[in-house]
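> Predicted model and sequence follow; I will ask about them next.
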Amino acid sequence: MSRSVVLIAILAGFAAGLLVAAPPAEATVMTDFRNDRNQKVQSLSLADLTITATRFGSAEEVNQSKSYGLGVKDNVLDDKTGKNGSERSEFLLFSFSVPVTLGSWVFSDIKKDEESFSVFVDGVEKDLFALFGSDRFRSIGDCGKKECEVDLSALGTGSVFTFSDGTGSTKKDSFAIAAISYQMNAAVPEPALGGLFGFAALILVLALRQRRPDPGRV
C-alpha cells in the first residue's frame, strides 16, 4: 500500500471521528414546584436533581406547597416573639448529577422583613453583594407583591447549590422556591468510536484492492 493511500485513510478516519465528536449542546431545564401537591418528604428526586433540607446540620423534611413551592419545615425552635434566631439554621440543598449553571429562579411567599438570602455553591458561600450588589430579593429581582424572579447565572457553575435565609431563622419559612431553571451539558458521545470504525473500514477496503491479482500477470 502506497504512502498516499495510507495518508488518505488516516485523514478519512480522523474526519469521521470529528463528525461524531461534535461539541455537546446545552439543554435548559425548567421545573415549577407549584404544580404538584402539598407534601413533606425527606428528599425530592427528579431525573438529574435531588433536593434535601437540613436544620442545624441535621436532616429535615422538604416542605412542598401547591401555592408557594419548596421550603424547609417550620422552625419550631424560634422564640414566641418570632424574632430571628442567632444564626442561619434552615437550608435547602439542590444536588445535581452533573455541573450546571442556574438560570432564572422564582422565589415566593417572601416575608416583608425577610427579603435577604444566602447561597452556597459546592460548599462555598457566594458574596451576593459582589455578584448582584445586594442580598435582598427586591433589590436584584423582578418582583411582585410576594414573588420575585431572580437571574442566578452569575453564581457560576456547580453541582450543589444551597439556599438559606440570609439573616436568621423565623417562625415560618422566610421564602419558598417556586420554580427553577438551569443549563446542563448534554451527554457527550464517544468521540473516538466512530472515527475508529471509519478508519478500520477504509483500511480494509484499500487493503483488499491492493491484494487483487493482476489478470495480465502469469
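The structure has been received and is ready for your questions. Numbering: from 1, shown residues only.

> domains of the chain?
3-21+189-210, 26-185 (automatic domain parsing).

> Of these, which shows the lowest average pLDDT?
In terms of average pLDDT, domain 3-21+189-210 trails the rest of the domains of the chain, at a mean of 52.

> Tell me the bridge partners for the closest residue to Lys126 other than its chain neighbours.
Computed as Cβ to Cβ, 6 or more residues apart in numbering, the closest residue to Lys126 that is not its neighbour in sequence is Val119, at 5.0 Å. The way it works is simple: take the backbone N, C-alpha and C, and place the C-beta from them, glycine included. Beta-bridge pairing of Val119 under DSSP bridges involves Phe163.

> hang on, isn't Val119 packed against Thr162?
Yes - counting by Cβ atoms under 8 Å, Val119 touches Thr162, with 6.9 Å between them.

> And the closest residue to Ala154 other than its chain neighbours, how close does it get to Ala178?
Leaving aside its chain neighbours, Ala154 sits nearest to Leu131 (4.6 Å; criterion: Cβ to Cβ, 6+ apart). According to Cβ to Cβ, to the nearest Å, Leu131 stands 22 Å off from Ala178.

> which of those two has more neighbours?
Taking Leu131 and Ala178 together and counting by other Cβ atoms under 10 Å, Ala178 has the greater number of neighbours (24 against 16).

> hmm, who's touching whichever strand in the chain runs longest?
For the chain, the strand that runs over the most residues, judged by DSSP state E, is strand 90-102. Here strand 90-102 makes contact (Cβ atoms under 8 Å, 6 or more residues apart in numbering) with 48-55, 60, 62, 70-72, 75, 152-153, 155-165, 169, 173, 177, 180-185.

> now stretch 105-116
32, 34, 65, 67-69, 71, 117, 135-138, 141, 143, 146-150, 152, 165-167, 170, 172-181.

> Could you do stretch 64-72 as well?
Under Cβ under 8 Å, 6+ apart, the answer for stretch 64-72 is 32-41, 44, 51, 53, 55, 60-63, 90-92, 106, 108-109, 173, 175-179.

> got a list of what Glu147 touches?
Counting by Cβ under 8 Å, 6+ apart, Glu147 has contacts 106-110, 178.

> partner residues bridging it?
Ser108.

> After the helix or strand harbouring Ala130, heading C-terminal, what element do we hit next?
Per DSSP states H and E, Ala130 falls inside helix 128-132. Downstream of helix 128-132, the next assigned helix or strand under DSSP H and E is helix 137-140.

> and the helix or strand just after that next one, what does it pack onto?
Moving toward the C-terminus from helix 137-140, the next helix or strand (DSSP H and E) is strand 142-143. If you count contacts as 3 or more Cβ pairs under 8 Å, 6 or more residues apart in numbering; DSSP states H and E, strand 142-143 packs onto strand 147-151.

> Can you point out the buried residues in the strand it packs on?
The neighbour-count check on strand 147-151 (16 or more other Cβ atoms under 10 Å) flags 147-150 as buried.

> Export these as CSV, with columns for distance to Ser97.
Output for the buried residues of strand 147-151, formatted as CSV (distance: Cβ to Cβ, whole Å):
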residue, distance to Ser97
Glu147, 29
Cys148, 28
Glu149, 25
Val150, 24
